[in-house]
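Student: Just the structure for this:
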Amino acid sequence: SAIDAITKWLSEQASGILAGAASGIVGGIMDFSTGVAIFFIALLCSFWLLLDWPVISKEIRKIVPESRHDDLDILKEAFGTALYGWLKATIISALLTGFTSFIMLWALGLPYSVVLAMLCAILYIVPYIGVVVACVLAGVVGLLQLMAGAPEASR
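Tutor: A predicted model of the protein is given here:
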């Protein structure tokens, strides 16, 4: 009958929509996990390089001809400066993000402002998606508070 056909069609459409949404969520979680893993691997490699840099530098000097040792020293200095500058800028930006997030979340009266701000600061370090995840978490807390009709959190 027509009603059965419509019901079957609606069921198929709903299944397709739910499957698409689920794959999008799973894909997003996988992308986030990959970003976090890459960040921590890069951090670990950078830490290892800084820790063993004197030994690595000696070994590289053995391979490179003596006429190129000056160039090697310049490269070593540039690498150290770039890595130190990146680390310093990232930490300062993460702290500023956490502080300004706390001020804004507190001003909006959201509960757990300190915890959310700390998450914002930590997740800032994760490239591309960290800040988005932090914003989504803060938005979810705000929506839950709004839906619950909870009074403004005490300041």
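Student: max-length helix in this protein?
Tutor: Using DSSP state H to define each element, the chain has its longest helix at helix 2-51.
Student: Quick check: what element follows that helix along the chain?
Tutor: helix 53-63 (DSSP states H and E).
Student: so where's this protein shaky on pLDDT?
Tutor: Applying pLDDT under 70 to the chain flags residues 1-2, 13, 17-28, 150-155.
Student: run the last query once more with 80
Tutor: The chain contains residues with pLDDT under 80 at 1-40, 42-43, 46-47, 49-50, 53, 80, 83, 126-129, 146, 148-155.
Student: ok, back up a step: give me the helices and strands touching the longest helix of the chain, please.
Tutor: With contacts taken as 3 or more CB pairs under 8 Å, 6 or more residues apart in numbering; DSSP states H and E, helix 2-51 sits against helix 69-108. To be clear about C-beta, it is placed using only N, CA and C from the backbone, and glycine gets the same treatment.
Student: which residues sit against the helix or strand just after the helix it packs on?
Tutor: Next along the chain after helix 69-108, taking DSSP H and E as the criterion, comes helix 113-124. Outside of helix 113-124, the residues within contact range by CB atoms under 8 Å, 6 or more residues apart in numbering are 90, 93-95, 97-99, 101-102, 105-106, 110, 130-131, 133-135, 137-138, 141, 153.
Student: Show the buried residues in the residues you listed.
Tutor: Burial by neighbour count, 16 or more other CB atoms under 10 Å: within those this picks out 94, 97-98, 101-102, 105, 110, 130-131, 133-134, 137-138, 141.
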